[in-house]
Each structure stands twice: as C-alpha cells, then as structure tokens.
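1. Compute the structure for the input listed below.
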Amino acid sequence: MYRLFGELYAYDVFNDIAIIVLAISSLFMFKIKRNHMSLLAKKAIYCFSQKDDGAIIKIKEIIIVSIESVLIAAMLALATLANRPFGNMMGTAANYFATLFLVPILFTIISLIIVANPIEQMDIYTPLAPLFLVFIKLACFFNGCCWGIPWEKGLYNHHPTHPGYQVPIQIFEAFFALAIFIFLIRYRQKAKPGTMYPLYMILYSATRFPIEFLSGGSPKVIGQFNPYHFLCIAGIVIGLLMLLFVKFFGDRLYAFFEKPHEKFEAKVSTVNLKKELDEEAERLARLQKAKLARAKAKARNKTKTRKK
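-> Purely as a prediction, here's the structure:
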C-alpha cells in the first residue's frame with residue numbers, strides 16, 4: 001500500500017483520477033452525442049431556439065449536451081457502488097463483475113428517464129468502461145489488493161497483510177483494459193447498433209479468465225478455479241446472448257426507442273414549415289402593401305401634375 005502526497009493513499013488518488021478521466025472523456029463525446037441527444041435535451045434546445053438568438057442557442061446547446069453526457073457516463077461510476085456488496089455475496093473482495101452486469105440496467109433506466117435511445121447511449125459510452133477500468137486497476141495495484149501469486153521475479157507488494165514479490169496481475173488487467181478501449185474506439189464506427197457493450201463483456205471476461213489462474217487473493221472453489229472464473233464464463237455467456245438478442249430483435253427495438261424522437265422531429269418540422277409559410281405570407285403581404293402604397297403615391301402625383 002503506497003502513500004502519495006503525505007497521508008493521501010495512492011488508491012484514493014487513482015480512484016479519483018478514474019472519475020475525473022471519465023467525466024472529461026464524456027465531454028469529448030460531444031460531437032457524437034450531439035447527434036444522439038435525448039428527447040428532453042432536444043425539447044429544451046427547441047424551447048430556447050424560439051426566444052434566443054443563434055449564439056446564445058449554441059452556448060446553451062453545448063451546456064445541455066455536456067451535462068447530459070456527464071450524467072450518462074456517471075452511470076459507470078455509480079455501478080461501482082455495487083462491487084463491494086456483490087463481492088461479499090460471492091465470497092470475494094469488491095467485485096468488478098457487479099459493475100459489468102449492472103451498467104446496461106443503469107444505462108437503460110437513465111435513458112428511459114430522459115427519453116433517449118438506450119441502445120445508442122450504450123454504444124456511445126461503452127469505450128469509456130475499459131478506460132475507467134484502467135485507472136481502477138492501477139488503484140488496486142498501488143493499494144496492494146487483488147494481488148497475484150508469489151513470484152520471485154515479480155513486483156514487490158507492500159500491503160501489510162500479504163507483502164512480498166508477486167505477479168502484478170493488476171497491471172495485466174490494466175493493460176488488457178487499455179487494449180480493449182483502443183479496439184472499441186476503432187470498432188465503434190462500423191459496429192452494428194447494440195453490439196458494443198456485449199462485445200466489451202465478452203472481451204473483458206475472456207481476458208480476465210486466464211489472469212485469474214495467477215490470482216493469489218481469491219479462494220479456490222473447484223480445483224484451480226476461483227469464483228472469478230465462473231463469473232468470467234457468465235460474462236461471456238451473457239454477452240453472447242445479448243449479441244444474439246441484438247441480431248434477431250435489435251432493429252425492432254432500436255426503431256421502438258426512436259419513435260418518440262421521430263414524432264417530435266416531425267412535429268418540429270411541421271411547426272417550422274408553418275412558421276416559414278407564415279413568414280413568407282407576411283413578407284408577401286408587406287410587399288403587396290408597399291406596392292399598393294407606391295401605386296397610390298404615383299396616382300396622387302399624376303393628379304397633381306394634371307391640375308397644374
């Protein structure tokens with residue numbers, strides 16, 4: 001267990017960094033998020049557009065989209081609160097699989113509250129999950145928890161209850177999480193809607209499975225298998241089932257979540273068209289009025305000329 005800046009534990013520092021990175025990264029999603037706003041955000045921006053000028057509307061749009069982006073990304077951090085209770089139930093320490101399984105539920109709930117398409121939101125923010133995990137695992141490394149088996153060529157663990165040279169499996173997990181993050185960022189452009197998070201579940205579980213054979217802190221359940229091995233299998237199975245669900249029902253589900261947005265956009269288009277027609281009619285009326293005024297003025301001038 002390492003200390004940074006006096007009495008401040010490195011574990012707390014890296015957990016705080018993880019949350020800060022998550023918040024900042026969510027703001028970098030602005031360009032994508034702007035095209036996939038919630039209905040709540042669209043209505044707010046539309047209301048502002050009726051009474052503000054272009055520059056003010058732009059500023060308010062940036063603020064609204066940024067707040068919504070951070071709010072949705074915060075579900076990744078909120079889900080970690082379940083790690084310790086889930087770990088107690090499974091007979092392990094704080095267990096990341098609680099976050100892995102809970103995130104889709106939280107994303108769906110927050111999306112339904114703000115009337116957003118949960119499939120879109122998960123696809124947008126899934127790459128942030130492994131990025132967040134990189135710093136969480138660095139926190140574990142500096143804390144000395146989630147340690148590996150003894151290894152004389154390993155890194156020294158200063159934890160008071162299990163010190164010694166050990167396999168740095170926390171670093172292995174951080175490395176694989178970073179690799180998954182890079183892959184998901186590159187893959188996102190061509191991914192079918194709804195496949196990003198199931199793919200993350202599969203990749204995380206598949207890379208975690210072999211690492212667990214090097215774990216020194218998890219009790220063995222059957223032979224060399226500890227509870228995390230079975231959770232990895234569950235993660236792979238659930239991820240595959242989600243992919244199958246997306247394959248057969250994804251398009252219909254996506255269309256269902258898009259209906260409120262299509263209705264609103266159609267309504268806005270109708271209102272805007274009516275507004276444009278009214279403005280055009282008003283413009284033509286002004287032109288006609290001006291034309292009549294000129295005709296009357298011309299007629300008066302002719303009358304005056306004849307009298308002279």
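2. helix, strand or coil for Ala93?
-> Each residue gets one of three states, and Ala93 gets coil by DSSP: H, G, I helix; E, B strand; the rest coil.
3. Can you name the residues that contact it?
-> Shown in contact with Ala93 (C-beta atoms under 8 Å, 6 or more residues apart in numbering): 84, 87, 145-146, 217. Where you see a C-beta, it was placed from the backbone N, CA and C, and this is true even at glycine.
4. Quick check: which ranges of this structure have low pLDDT?
-> Within the chain, the stretches falling below the threshold (pLDDT under 70) are 1-8, 52, 54, 271-280, 284, 299, 302-308.
5. if you count residues, which helix in it comes out on top?
-> Of all the segments assigned as helix in the chain under DSSP state H, the longest by residue count is helix 227-307.
6. next one: that one to chain centre, how far?
-> Once both centres are worked out by C-alpha atoms, centre = their mean, to the nearest Å, helix 227-307 turns out to sit 26 Å from its chain's centre.
7. still on that earlier bit, scan the contacts of Ala93 and report the most crowded one.
-> Cys146 (22 neighbours; other C-beta atoms under 10 Å).
8. In terms of helices and strands, where is that one?
-> When elements are defined using DSSP states H and E, Cys146 is found to belong to no helix and no strand.
9. That one contacts Glu212, correct?
-> No. With contacts counted by C-beta atoms under 8 Å, Cys146 stays clear of Glu212, the gap being 10.4 Å.
10. where do the helices sit along the stretch 101-250 of the chain?
-> When secondary structure is read from DSSP state H, counting those that start in this stretch, the stretch 101-250 of the chain shows helices at 118-125, 128-143, 169-187, 196-211, 227-307.
11. Go through the third one and flag the buried ones.
-> Put plainly, it is helix 169-187. Within helix 169-187, the residues that qualify as buried by neighbour count (16 or more other C-beta atoms under 10 Å) are 169-170, 172-174, 176-177, 180-181, 184.
12. Nearest to Ser111 among those residues?
-> Within the buried residues of helix 169-187, distances to Ser111 taken as C-beta to C-beta reach their minimum at Leu184, with 19.3 Å.
13. Spatially nearest residue to that closest one (excluding sequence neighbours)?
-> With C-beta to C-beta, 6 or more residues apart in numbering as the criterion, Leu184 has its nearest non-adjacent residue at 4.2 Å, and that residue is Pro127.
14. got the angle for the longest strand along the chain vs helix 128-143?
-> Ranked by number of residues, the top strand in the chain under DSSP state E is strand 150-157. Angle of strand 150-157 versus helix 128-143, following axes from the mean of the first three to the mean of the last three C-alpha atoms, to 10 degrees, is 100 degrees.
15. in its sheet, what does strand 150-157 sit against?
-> Strand 150-157 has its sheet partners listed here by DSSP bridges as strand 164-166 (antiparallel).
16. about what we covered before: tell me how many other residues crowd the residue nearest to Leu184.
-> Taking other C-beta under 10 Å as the criterion, the count of residues near Pro127 is 22.
17. show me the contacts for it.
-> Applying C-beta under 8 Å, 6+ apart to Pro127 gives the contacts 181, 184-185, 188, 196.
18. For the residues you listed, give me JSON lines that also has distance to Leu244.
-> Written out in JSON lines, the entries for these read as follows (distance: C-beta to C-beta, whole Å):
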{"residue": "Phe181", "distance to Leu244": "25"}
{"residue": "Leu184", "distance to Leu244": "20"}
{"residue": "Ile185", "distance to Leu244": "25"}
{"residue": "Arg188", "distance to Leu244": "21"}
{"residue": "Met196", "distance to Leu244": "15"}
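19. Which single one of these is nearest to Phe48?
-> The shortest approach to Phe48 among the contacts of Pro127 belongs to Arg188, at 30.2 Å (C-beta to C-beta).
20. ok, that closest one to Ser205 distance?
-> Arg188 sits 20 Å away from Ser205, going by C-beta to C-beta, to the nearest Å.
21. In terms of neighbours, single out the busier of these two.
-> The neighbour comparison of Arg188 against Ser205 (other C-beta under 10 Å) goes to Ser205, with 22 against 15.
22. ok, and the closest non-adjacent residue to the more buried one?
-> Nearest in space to Ser205, with sequence neighbours left out and distances taken as C-beta to C-beta, 6+ apart, is Gly235 at 3.2 Å.
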